[in-house]
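Q: Okay, here's the prediction I keep looking at, along with the sequence it came from:
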Amino acid sequence: MVVSAALAAVLLLAGCAAGGKARSAEEAYQRFVGEWVNLEYSGVQPNVQKMVIRADYAGEDWDKPSDTASDGVWEIKVHKGWTDWKGNTYCQFYYRYVERYPGRGPALMRVSRNGKVLELNSRWGPEGSEYPEKIDPKAVSASTFYFKYFRK
């Protein structure tokens, strides 16, 4: 019985150790760089069908992929990144719109293991506000948003 309990404890600890992997902010962020589109997006405002995450720590919102100019540019300040046990990469960051919108706040992005699906929860708030800890498609309100995109 003591051996069984010890074995169970070892297996539990091994499982916890394999639960996730911390990544450098740069390493995590690079998984998100690219063009992301969702033509069927039907979330609450803002209704952005295309998002571009740039290597220079900036993001762009496009109402429609066919538009000739972005609808808003935001600066990205990465807080931390990690990979979960399923291979999904997460990046907590603070965003601030450069022009056109007064929006700013903490956010969390997740890109799937295969790098083809990006989900994002963001909320409006001052720097130092609490970062989302998980992606939640139901976390939508006047100041909290959920977005889902596919790599173009």
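A: Right, received. Where do you want to start? In this text the structure is predicted, and so the values were computed from the model without any measurement.
Q: Ends of stretch 65-80, what's the gap?
A: With Cα to Cα, to the nearest Å applied, stretch 65-80 spans 29 Å between its terminal residues.
Q: Name the residues of that stretch that are buried.
A: Within stretch 65-80, the residues scored as buried using 16 or more other Cβ atoms under 10 Å are S70, D71, G72, V73, W74, I76, V78. From N, CA and C alone the C-beta is placed, and that goes for glycine too.
Q: What score does the fourth one have for pLDDT?
A: With respect to pLDDT, V73 scores 94.
Q: tell me which element it is part of?
A: Element membership for V73, per DSSP states H and E: strand 72-84.
Q: in the protein, which ranges drop under the pLDDT threshold?
A: 1-19, 41-47, 100-101 (pLDDT under 70).
Q: Now do the strand holding V73: everything it contacts.
A: Applying Cβ atoms under 8 Å, 6 or more residues apart in numbering, the contact partners of strand 72-84 are 19-29, 53, 57-61, 89-101, 103, 106, 127, 131.
Q: contacts for whichever helix or strand comes after it?
A: Next helix or strand after strand 72-84 toward the C-terminus (DSSP H and E): strand 89-97. Identification of contacts with strand 89-97 by Cβ under 8 Å, 6+ apart yields 23, 25, 28-29, 31-32, 59, 72-84, 103-111, 122, 127, 131-132.
Q: what about burial for the residues you listed, which qualify?
A: Taking 16+ other Cβ under 10 Å as the criterion, what is buried in those is 23, 25, 28-29, 31-32, 59, 72-74, 76, 78, 81-83, 103-111, 122, 131-132.
Q: Tell me how far the residue with the shortest distance to the centre of the chain lies from T68.
A: For the chain, M109 is the residue whose C-alpha lies nearest the centre (Cα atoms, centre = their mean; 0.3 Å). Per Cβ to Cβ, to the nearest Å, M109 is found 26 Å from T68.
Q: and what of A25?
A: Taken as Cβ to Cβ, the span from A25 to T68 is 33 Å.
Q: now F147
A: Applying Cβ to Cβ, the value for F147 to T68 is 22 Å.
Q: contacting residues for P137?
A: With contact taken as Cβ under 8 Å, 6+ apart, P137 is in contact with E119, Y146, K148.
Q: Tell me which of the buried ones among the contacts of strand 89-97 fall in helices.
A: Assigned to helices by DSSP state H, the following of these qualify: A25, A28, Y29.
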